[in-house]
Structure formats: C-alpha cells, structure tokens
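Student: From the sequence below, what's the structure:
(2 chains)
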Amino acid sequence: MTKLLLADLAKHASRAPARGPNWVRISMDTGGIAAGADEVCALLEKEAGTLGFPLAVQRVGSLGLSFADPLIEVAREGMPTVVYGRVDEAAARRLLKDHLIGRRLLDDHILASRTRSVALDGPTTCLLVKDTSADSGDKTQFFQFSLLEELKHRGLQDKVQVVRALDMGVYDKGVAVQFLPSRVTYVNVLAADIARIVDTTLRGKKIIDNLLYRVPDKQVRIVLRNCGKFDPENFQDCLDHGVYQGLARVLGGLSPEAVIAEMKTSGLRGRGGAGFPTWLKWQLTREVARTPKYIICNGDEGDPGAYMDRSVLEGDPHSVLEGLIIAAHAIGASRGYFYIRAEYPLAVSRVERAIADAHAAGLLGDNILGSGFSFDAKVRLGAGAFVCGEETALIASIEGKRGSPSPRPPYPSERGLFGQPTAINNVETLAAVPEILLRGGAWYAQYGTEESRGTKVFAVTGKVRQPQLVEVPLGITLRDIVFELCGGVFGGKTIKAVQTGGPSGGMIPEHLLDTRVSYESLQELGSIMGSGGMIVMDQDDSMVEVSRFYLRFCVDESCGKCAPCRIGGYQMLQILNRLSRGRAEPGDLERVRAISKAMQKASLCGLGQTAPNPVLSALRYFEPEFKAYVEGGVTYARKMSQARPAESAPAAAPATA
Amino acid sequence: MVATAIPPSAPPAVTATINGMPVTVPAGTTILEAARQVQVKIPTLCKNDDLLPTAACGLCIVQIAGQGRMQRACCTPVVEGMAITTHSGELTEIRRTVLELILSNHPNGCLTCGRNGTCELQALAADFGIRVESIKRTVADLKPDTSNGSIILDFTKCVKCGRCVQVCQELQDVWALSFLDRGISTRMAPAGDITLAESPCVKCGQCANHCPTGAIVENDETAAVWDALHNPAKHCVVQIAPSVRVAIGEAFGLPPGTDLTGKLYTALRRLGFKAVFDTNFSADLTIMEEASEFVERFVHQRGQLPLITSCCPSWTDFMEKVHYDFIDNFSTAKSPQQMLGVLAKTYYPKRLGLDPAKIYVASIMPCTAKKYELERTHEMYASGYIDVDVALTTRELARLIKQSGIDFLNLPEGQADSILGDYSGAGMLFGVTGGVMEAALRTAHFFITGRNLEKLEFESVRGLQGVKEAEVTINGSTIRVAVAHGLANVESVLEEVRAARRAGGETPIHFIEVMACPGGCIGGGGQPYGVNGNVRAKRAASVYQHDRDRRLRFSHENPEVKRLYDEFLERPLGPKAHELLHTRYTARPLYKR
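Tutor: Now for the predicted structure:
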C-alpha cells in the first residue's frame, strides 16, 4: 500500500467503519480458540453466503468474558446487537437459523450488556431474564414463562421476545430483567412485579424506580477499548476505528517534552507491576545523550493465571505498536523490540502482522507519516523463563545471552540493550498511551486514586463464578471486583482470600477485601499489584498448599544467579514440603522467616526479593494453618484449614516489606 | 563559586558518610571501594578486584539512609550525601542467613579440599562464627571434571559467584566456561555440557586463580614428584621459572614481590633434587633462537612478519584454535621450560656421564598450562624421552615445601647449578609482560648492529595496560612492536595486522609478544591466590629490580649459553638447535568431539 501521511490519518478519524447492518464478530483470541471458536468461525464463514442477505463475519479480539468463550457478537438489521457466549457448533447452527434468519434470539447464550441504561429509548423488542441469586433453585424459567404469559395476555407476544440470558452482569440481585435495545435493567424482580413491568414499562414506557438497577458499570475500558471491536489483522479496519490517531496527534506537533508532560499529567505508572512512573522512565532515557536508543515492549507475561497482556496483544496489537512508536518519539529511540514469550504464538503472529502492515503504510520505517521521525520495530521471542520479565534479564535475553539479571545501577535508561539507553514498558502501559495522548493526560487522571491513576486490567480467575478480564479504575475495592463484577465464589462457597500479584504477591484475606486497590495499599497488606493476576480462593484452599505452589513456581523459575534466591527459595520449599507432610522440625517457621528476610533484602532482582511474599502473607494472615501442621500433623491441619477463618488482627502482624 | 582543586578531566568528588565517618571519593566509586578508605571491610564472596561486579552472592548489602531497599556495596556507586551503614544487627543477621544458605549448598569437606586454608568461603564462615548447620545441607551429586590434565572442576564446591565465567569470557575471551541450567540446579560447566578437555579451554588457570573456593583447582601432582624423589633409581633435577621466585613468598605470608631466589635454590636442593637449574638460563637460550629468527625475518626477509612469541602455552593453544591464520608468524623456538627439559636429558647427562633414561625433570612454573605443554606435540620428546616429566605450579611447590618440614623463610641463600643455571637479567624479564620483547630487542640489537644498547630499559613495553605498542629504531630501520597480555587483548592487535593484510599493505607491526595471563607470568594461573593489579605491579617491580641487580643484562652474553653453543648446539637456528629447540604448530578444532 502507499505510505500514509498525517493528512491521510486525519481522514480516518472521521470515517465511520464501512460495514453492513448484518455482521457477526467472533472473539478469536487464544482462549476463544481453545474453547472452539475456530470451528464456529469456519461454520459461520461457510454458511454466510447461504443466508440470502450479506453477512460480514469478523474475527476480533476477546471481549474479556472468558467464562463464556467462544464469544460471538451478532448484529442483525432491526434487532438489538447482542453478545452470545458458549457458542459451540450446535449453538452456532441455531444462531444461523433462529437469530439470523428467523430473527429470534437464542435462549441461554446471551450475555447482557454491562453498560446499563437508566432511560428507555425507543420501543423494547426483547427482555433478557435471569435469576442471578443462586446456582440451584433457579427461577429463570418460571419468570420467562410468566412474562410470556403476561405478554400474551396483553397481546404483545409478537412484539417482545423473552429470552433467558446466560449472564446478566449483575450477581446476587434476585431475578434480573434487561430491556433491549435500551439496556435498562431491573433487579430483584418478584413474581408480583411481572404485571407491573409489562403494564408500566412495556406499555406505558415508564421506568419502575424501585426495580431499576442504577449502579453504573464499574469497568472503564481504556486499555481494552478496542478488544473485540474489530479485526486486529485488518489494517484498514484498525485505521477506521481510530487506531494511530494518538500517534497522528503526537507527530502532528507534540514535542517529545510535551508528550512526556502529558504522560506526567496522566499519572500513568508501569503496569508490569512495579508501578514506576512511565513519564519519568521516558524522561530519564531521554536525558541520556548517547544514541542509538531503544524502546522495548515487555510482553513476557508469566504470572500463573494472568493473561491480560496476551489478550491485548492478540486483540489490539496496533494500539500497542502505536504506544511503542509514541514512546520511541518521546525518548528519541530509533529501534524497538517486542519481547513476547514464545508460548504466545498467536500474539506473536498478530504483532508481526501489525508491524508488517504498519511498515507498508509508512507508520514504521523512515520518515513516519512524513513527520521526519524514523523508527523501526521487530519481535524477539522469549523462551518462557519467568525471570526474563525482569528488565535486565530481558535485555540479556534479547542480546542473545543467558537471561540473568544484572545489578542496577546502571539502569537500562543509562546502559540498557547493547549498552545503549533503553526504556522498557509493559504491554498494558503502552496500550494506554495512545488514548492518553489523544484525550489528554487530565482525562486519564480522572480515574483512579491520587497516587495510582487510571485503570488496570485484572485477570480474575480461581474459584470465582465468572472468570474474566476486567478493566477497572484503580481505587475500586477487591470485593467489588470479585463479587460485583465477577459474581463471587464458585459453587456457593465462602471466600477465603484473594491472591494478587502472582508469585510475587500475597494472599489478601476476606476481611481485607474492602481495601481499595492501588500500588501502595496492596503493598501495605504484604502483597503487590503485580501485572494483574487475581486468583480467588475459597474455604477449601489450604494456605500452606497455596503458598507452597507459588514458592515452587519461583524456585523453578529462579535463574540461579544470586545465592539468596537460588538457595533460599529451594531451602524454604524443602521446609514447607516437610511441614506439609507433617514432618516439621522445631524452629522451622522461624527458619522460614529468616530465609524470607534474607531473600527479600539480599536477592539481586525482583523475583527473589518478592518470592517469599506468598509465604509471608500466608503466615501473616493464616499462621494457625501452618502451626496446625507443626503441632497436630497433616490430618488435623487439613481440618483446621477449612474451619478457621483468617486472623482478624492484621495490624498486630509484623510488616513484611 | 569557589574554584575547586580538582582538574577538569577527573570525575568530580562526592562526599558521603560510611558508618558516620565522612569519606570523599571520585564520583563512580562503589561503596565497597569507598569503605576501604575508612578501614571498613564489607564481606563479599563474588566480587574480585580484577572483575566487574556480578552482584551474585548478596553478602555485601548495606543500608542507605532514606532507602527502603538494601543495596549491594559492590555495584552501587557512592552518591553525594549518602549516609551508608555497612554493619548493623539487621545486616549481620541477613548476611549470616545468606552465608548459612550458601553453606547449606556446599559439601563442607574442608579438610580434604584443595583450598583448605585459602578458601574465601571458609574464611567467611570462620569470621561469622558459624558453628552449626542450621539449614539442611543439599548438594548436587556431580562428579568432578578431571578430563583436563591442568585444571580440575569440582562442581559441587562451586558457589556460583561467576568469577571463572567472567574470567574465561571477558578477561580471556576463551568462552570455555559458562553457567548451565537454572535455579538450584544452576552449575558452572563448559558450555554445551561437554568436558573441559573437549571445550575451547586453553588451560591458563585464571579461573582457578580467581575461584574463591575449591571448585576450580590445579591438577595437584606433588605426589608424583614425591614418588620420583623417593625413587633411588631416578636422578631428579628441577628448573624454576622466573616469576615463581617473586610470588612464592605470598604463600608463606610475605608481602607480594619478595624475591626469594636464593632460598628457593636451597629449598629445592633440600627436597632432594640432584641439580637445580634455572629456567632463566633457557630463557636466555630462547632469546638467542628467537632474536635470530627475528633477524632472519626482519633483516634478511626470510619468513613472515610479524614474528609472534610462543613461549606461553595457553597462547599457543589459543592461537592454534582461534588465530591459526597466524601459524606461520609464530616463533618456532620452544618455550624456556621445554628447552631446559631437552637439555637436561641430553647435554646435562652427556656432560656428567649420566643415563638420560634415569633423569627426572620437574619444573616449577607459575602456570597450569605448562602441565599441558609437556605433551603438546611430539617435539616435546626431542630428547628421546619426555623432556619434562612434571610441571608444578608455584602453589604446588609451596605445598611441597610445607610437607617437607623445611623452614623456608629461614633458609640460607643457595646457588643454582653452574651448568644450565647462570642467567642474564634479560632472561629474568620473561616473567613479566613485555619482558620477552625487551630481552629479544636487547639481543636483536646486538645481532643487527654488533653493539650493545646503551639504554637497556624499554619503558614503553612495561606496565600493566592491556596492549602496549612501541617503535624501536635499530640501524636506521624502525621496528614496530606490540605487547598484549590477557587473551582478550590479543584480538585488536591481530586485527590490525589482518586489516593490513587484507589491504595488501605492509605489516603495521613487526614483532608481537603475547602472554595469556594479565601481567604475564607474574599473574599466572598457578601463582598464589589473591592477585590483583596492585599485587601484579609489586611482583613486576621485583622482576625489574632483579634484572637491574644482575651483572649480566644480555642473553647473548650469558657465558653458559655461549658454552652450550660451542660444545653442543653449534649455532642458533643450526640443525642441532632445530632438532632440539624448535617446534611446530597446527590448526586445531575449537571443540573436540
């Protein structure tokens, strides 16, 4: 294609994406494909021509509703656009027949919209209904039946469909009803309300205030803004959806200093976990006079249960690339690297595709967009060593050396890749950059807390009812994330703790779930924000076993360079292993604490410094579980771990960090 | 603003406090170095003066006021206004735990270890007063690598400080050693998990010299020497290399650079050697041959220039594996060790009417690669027997002396044997980088002009910088020479020559001296432990003093060398000399498999 200029991009800013009224978007990320999206997509593509009307079948990134993969968003002329979940081949065939041809929504597959409205706009054509209270004693069918009967009674059965939803986006709020296409949502609907709903809302077009669910969606999608919206491999589609508009603004007249100033206003901090201010990192790298300089996108996501970066790279690679180019412009880098783990082949291929497309369009290479700025990027694969997410080890890995950390200083900003000034930013950080530059730092800074601005993506997994990716403004409580956004604990059990920060983080017990999430608050609790993994644990989970799992992870992943991490982690694991077999020796818990301290203080890099966190936080909040192993043996300890709640006196516990 | 006294080129000074004591150091100085200025020793196991910090051991952590995180003193530069605490209850407690962790992963077989008494880990454990193993010991079951006759790798004793890997890769550019595996399974080993013998190892022994523990040691052959000495059928003779005498004192607690030549002669005789020869003698002989070669090539244009010295066996091994395009440039003269060996089994028994089969030649060398040189090619058997039977390092000799019950420091001064024992100061210079060059130039000048130099010292080839280049004018023609030590410094010199070759031009350098070890033999891999720039400088100074103190300063004036040619070898580069004193080189694969 011909090279684009700044003026060409301006045209894309106002252009509406060309697409007919009938389309389906299939979430084709790794999670979706694992759940069968490939087959469903093939089926839909095959059948699209037989429908008698044009249907666009698009492969898009993930909407993040991982519990319901494969996800398909369907738009049919004259019908509300809905998202279907758990669409297997059989469901896809029904979708073709019933929805696309027969114009009837499918039961049990629709995910209600989380962006709810409080006002009816236009006539309601569909009611989604679901009992959100419990997994047993489900009253959904009863309400569907009753609503239908009521509609028939009023002669509305042909105008309004009543459909059982898969998920309402609200939880433990009794029976919930959503009106489509307006997305007004009622909760705690009782049988007695049915007549009122039909009468007042459907016929009278008035909202029943005491049923209306007014709580707005707690998610704010900035990083995930484009995921699931368009085909990341379709460059034109990306341009039409406004990707590269941030870059256009930067290259259209923002100096590097102005970019850094905007980033400073935004308050964005590194989303890889450490939370170093992004603007400062750029500033420090910019200040070093030596050239060439490098910018690296750290896509070496490795925390167990975390997949935010994978989703973003797969769903919106161009925005990450755009962020990388902006960062390069800000620090004066001429070359960039995506360091992506080889276990993410789809992310790798989409980023490579994005780079090739951007190159062809003049968004990479010499004289980008005719602005005079030149920059190029390429992909380097990580071999899956967790420690290579650490800056200096990552640099060594790109250089072709053994992936071991080196002492800092010198910091990468001064002496990084190939000895040159280098800035390293996480995928999520870079994905937020274009939007910040487009909408302004102040816009971004409105979200979050004083110290921790903006939004953060979390991968909520474990014993949670609806495991998924959520993007929330910082300052939200853990309880809101787990219960309000993800439906609470799976199988009606009691929550015991939430683990944040992966193997570097810690366990946060139930009684502290009202903590507002920020870099500082989580650190005070002995955990860290980390890259965004969040694992929910219920009453059945033994904290000794959980801490042993995380420690084993770090022991496996230790690069072996520094003694405290290499030997300390291993020896601590030996102690926990014998403890969990009921063979603890006198002084073992003290030994664990001493080794932990040595690791925290004397390890060279973050891996070793934080590796004891899961164990220490478990000891801090669940010490009786450990003591039960020491004093009473295995059987006793297992009973105890299920019966005993977390110690509710965290203030008295010694600080760990 | 008041002008400071610091010259503009020097880094600005920064002032900080260490344990409350003010300290002013140039910017960039690490906390570890700054602490020494106020007589504070921060414990460390991985940092070595010769090497950049790897920050592996974690023992040198210090507290800096206002910083939550402890920092490593080895790699953290002092910043203006820093308030540093190097010792506190908390720091000591953490260091002790780290040390206990390291000990929990170490065989702790101190009594049977090659580094018993010189081990840095042992010293730390003693200093910290560790009396119990509070953490259960786990040591990997790894067999030592004894494939290489010079150096033994005992993997279980390795503390993963990374010094050997740094030495091998950065100081020597050999890349034989690396780290394999990860986590607790991390081990130092030849890259690719092959044996050391199959690796590119050049046997320089710098890894052993820098190892803090017994993980890398020389192949101890003292037992073989005792066997020979106790065997009445053997006639044991010994030779001693130039640099041994200025370093061995350190193994007996004397300051670096103490010259113990006379005491060494006595000690060797008391050990039971029938004759004590001096490798300095054969160094003079090497110069006779090598200077003649140079004159041949430079004056008579017979043979390739530059001429490259070949008395360092690690260097010849490295050249044969890596720089084999320079084989024709190598001096074919054998090293002094081998020249003395062949003479001790030919000339010496002939003069004394002995049976050469019964002669057992031991050599005392600063070097582990000399063990390898003994059997390097079939030319090392020029006498009809193996020319040198065993090569001991300085460290092994110290052990031999200690075993023998000799009160070394109080010995009277002795003399070398009059045959193969007298030497010039030029021969002594072989022990230090630039020495061979200096000695050869003294003799080459005489060979070309027929006169001796008036000013003997070539200051421009002295000193410890990695590459030294100089120009010497003899009889109106300019000889350009280069001296490199530390194998990593060789590349740039040879590349200069290669570039000229590619361009088809005249060689930019006529004579190159290379020593594998930093500082030359005084910094050899077999020398006493604890070497650094300062120690090397003192040993080198002692070598130069020894040269100045000699009556004889020119190899070609050595009366014993003259007599040797008259009675036995006829003339330099003559047929007899070629048969006994010269060798050949062949390209060898970098990896043997």
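
Student: Please list all residues in contact with the spatially closest residue to B:A140 that is not a sequence neighbour.
Tutor: Spatial nearest neighbour of B:A140, chain neighbours left out: B:T156 (6.2 Å); criterion: CB to CB, 6 or more residues apart in numbering or on different chains. Using the backbone N, CA and C atoms, a C-beta is placed for each residue, glycine as well. Applying CB atoms under 8 Å, 6 or more residues apart in numbering or on different chains to B:T156 gives the contacts B:H106, B:P107, B:V139, B:A140, B:D141, B:L142, B:P144, B:A215.

Student: Is it correct that B:T156 falls within a helix?
Tutor: Yes: counting by DSSP: H, G, I helix; E, B strand; the rest coil, B:T156 falls inside a helix.

Student: can you map out the strands along the stretch 51-200 of chain B?
Tutor: For the stretch 51-200 of chain B, applying DSSP state E, counting those that start in this stretch gives strands covering B:61-64, B:71-72, B:83-85, B:151-153, B:177-180, B:187-190.

Student: and the nearest residue to B:G434 once chain neighbours are set aside, how many neighbours?
Tutor: Of all residues not flanking B:G434 in the chain, B:V461 sits nearest, at 3.6 Å (CB to CB, 6+ apart). Counted with other CB atoms under 10 Å in any protein chain shown, the neighbours of B:V461 add up to 23.

Student: can you pull the pLDDT of B:V461?
Tutor: pLDDT for B:V461: 89.

Student: Report all helices and strands that the longest helix along chain A contacts.
Tutor: For chain A, the helix with the greatest residue count under DSSP state H is helix A:613-643. Contacts defined by 3 or more CB pairs under 8 Å, 6 or more residues apart in numbering or on different chains; DSSP states H and E place helix A:613-643 against strand A:495-500, strand A:506-509, helix A:543-557, helix A:563-580, helix A:588-602.

Student: what's the spacing between A:V546 and A:A594?
Tutor: A:V546 sits 22 Å away from A:A594, going by CB to CB, to the nearest Å.

Student: actually A:V634, not the one I wrote
Tutor: 25 Å.

Student: Among the two, which residue is more densely surrounded?
Tutor: More crowded of A:V634 and A:A594, by other CB under 10 Å: A:A594, with 21 against 15.

Student: measure B:M70 to chain A for me?
Tutor: Per CB to the nearest CB, to the nearest Å, B:M70 is found 5 Å from chain A.

Student: How about B:L196?
Tutor: 19 Å.

Student: quick one: B:Y591 and B:L196 touch, right?
Tutor: No: contact criterion CB atoms under 8 Å: B:Y591 and B:L196 do not qualify, at 11.6 Å.

Student: higher neighbour count, these two?
Tutor: B:L196 (23 against 14).

Student: and that one, what is it in contact with?
Tutor: Each residue near B:L196 by CB under 8 Å, 6+ apart is listed here: B:D145, B:S147, B:N148, B:I151, B:L153, B:A176, B:P190.

Student: Same list (the strands of the stretch 51-200 of chain B) but as JSON lines, adding distance to B:I94 and mean neighbour count.
Tutor: Output for the strands of the stretch 51-200 of chain B, formatted as JSON lines (distance: least, CB to CB, whole Å; neighbours: other CB atoms under 10 Å in any protein chain shown):
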{"stretch": "strand B:61-64", "distance to B:I94": "7", "mean neighbour count": "23"}
{"stretch": "strand B:71-72", "distance to B:I94": "12", "mean neighbour count": "24"}
{"stretch": "strand B:83-85", "distance to B:I94": "13", "mean neighbour count": "19"}
{"stretch": "strand B:151-153", "distance to B:I94": "31", "mean neighbour count": "26"}
{"stretch": "strand B:177-180", "distance to B:I94": "25", "mean neighbour count": "20"}
{"stretch": "strand B:187-190", "distance to B:I94": "25", "mean neighbour count": "22"}
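
Student: could the ones you listed go into TSV alongside mean pLDDT and distance to A:T500?
Tutor: Listed next are those as TSV, based on pLDDT from 0 to 100; distance: least, CB to CB, whole Å:
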stretch	mean pLDDT	distance to A:T500
strand B:61-64	96	28
strand B:71-72	95	27
strand B:83-85	97	33
strand B:151-153	96	44
strand B:177-180	94	33
strand B:187-190	94	35
